[in-house]
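> Sequence first, then the predicted structure, then my questions.
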Amino acid sequence: MQGTQPGSRYATLDGLRGAAALLVVFVHFPMLCHVRAIEHGYLAVDLFFIMSGFVIGSAYDCKLASGALSCRQYTQLRLVRLYPLYGAGLVLGLVAMGLRLPVSNWSEIASALPASVLMLPSHVGLPTFYPGPTVWNFIYPLDFPAWSLFFELVASLAYGVFFRDLTTRTLVAIMCVSGLCLVYLACTSSISGGVAWDTFDSGFARLGYAFPAGLLLYRFGRPVRERRHPAALAVIVLAIALLCIPWPAAHQNAIDLFLSLVVLPGIVWVASRVEPPARLLPLVAFSGLVSYGIYVLHVPLGFIVQDLVSRIHTLSHPSRVIAAVFVPGIVLLAWVASRYYDAPVRRALLAHLRARHAARPGASGAGEARATR
């Protein structure tokens, strides 16, 4: 995650991002990974939203304010950042659903594809957990974790378009309205929504609180960061532990609300102020590198591994084989995809954008090139 100065990093946030991505894997496949169900793990998405607000503010606030970066250029940068790995997850999801579902469902898979290619929600329902009969109305049926990427994209584009209007007062007002919506949801149902159409509006409430919170944490918390501080690792461990603790069921909604409104923003604030010891920097950098790939690829890969292993009847303990292969496999796949696919594709796209901007009449080639970094 880029900091405010060229070459600077928020390394603790990188580590936190990778740990949260792995937590999401365990949330979606607890039996596959031989762990107990993680009741509050879905709040990792709220943590991602807060970190996104913080990092987008650190990367683009100054550029947009100074005019070095236009709204159009900013939008292009965000699409270049998000789409390549999203596209890889979509292709893998298409393969996973094609292998998992009977031929009679392939027409629904094809119907979900056009919207998904455009990174838009789809109204096509699929029996995602076949042979279970339930049709799940996920807004991204071919790779359901991508629901949060839609909200991330909404927040990113709104930030670019309305940047001049996003004053402290406006951000606080958005947070207050969204916070009240989350209180209502906690009192009536749950704040875990957003992934499916029946809870679609809940995603806006979660995003509307978390993303502005991250922006404000950046704008009002830019101290000189302490390097080589052991508290950096403690922050990461604490964040994951709080989401894994089996809190009493009777108080789950209240605890979820407190975590999302108070604790998670506090964790991001602390994580942005302390940096890990030098010996841990390669580990947290790797964690940040693979985090997005883990998040967007793990469900299709999990389905494929699960279905293929279940068909190998010669294995005496297929579930153990899956557990041994799946988690290392998703980390390896995310690293390969990030290094050998995502990074080269993004470099090529950015080079193309710089060339187009430099070729425009009256455009400053050097200035445009700097703006697209």
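Yep, it's here. Residues are numbered from 1 along each chain as shown.

> only C-alpha atoms for contact and neighbour calcs from this point on.
Noted.

> which element is the residue nearest the centre of the chain on?
Nearest to the mean C-alpha position of the chain, counting by Cα atoms, centre = their mean, stands residue 48 at 5.5 Å. Under the criterion DSSP states H and E, the helix or strand holding residue 48 is helix 44-66.

> mind listing what's buried in that helix?
44-61, 63-64 (16 or more other Cα atoms under 10 Å).

> And for stretch 172-179?
Quick answer for stretch 172-179 (16+ other Cα under 10 Å): 172, 174-175, 178-179.

> What of stretch 101-116?
101, 106, 109, 112-113, 116.

> Any chance of a markdown table for those, columns distance to residue 299 and pLDDT?
Output for the buried residues of stretch 101-116, formatted as a markdown table (distance: Cα to Cα, whole Å; pLDDT from 0 to 100):
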| residue | distance to residue 299 | pLDDT |
| --- | --- | --- |
| 101 | 15 | 94 |
| 106 | 19 | 96 |
| 109 | 16 | 96 |
| 112 | 17 | 97 |
| 113 | 17 | 96 |
| 116 | 16 | 96 |
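
> which one of those is nearest residue 288?
residue 116 (25.5 Å; Cα to Cα).

> Which helix or strand contains the closest one?
helix 106-117.

> Could you point out the helix or strand that follows that helix?
helix 147-161.

> Tell me the helices and strands packed up against that following helix.
The helices and strands touching helix 147-161, judged by 3 or more Cα pairs under 8 Å, 6 or more residues apart in numbering; DSSP states H and E, are helix 44-66, helix 71-100, helix 200-219.

> now for those, which one comes closest to residue 337?
helix 71-100 (7.6 Å).

> what sits against residue 300?
89, 92-93, 95-97, 143 (Cα atoms under 8 Å, 6 or more residues apart in numbering).

> cool, and residue 338?
85, 289-290, 293.

> how close does it get to residue 303?
21 Å (Cα to Cα, to the nearest Å).

> and stretch 154-161, how far from the chain's centre?
Put simply, stretch 154-161 sits 16 Å off its chain's centre (Cα atoms, centre = their mean, to the nearest Å).

> and the gap between residue 54 and residue 215?
5 Å.

> Need the overlap of contacts for the two.
What both residue 54 and residue 215 touch, as defined by Cα under 8 Å, 6+ apart, is an empty set.

> Just send the helices and strands packed on helix 147-161 back as CSV, with distance to residue 132 too.
Converted to CSV, the helices and strands packed on helix 147-161 look like this (distance: least, Cα to Cα, whole Å):
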stretch, distance to residue 132
helix 44-66, 26
helix 71-100, 11
helix 200-219, 23
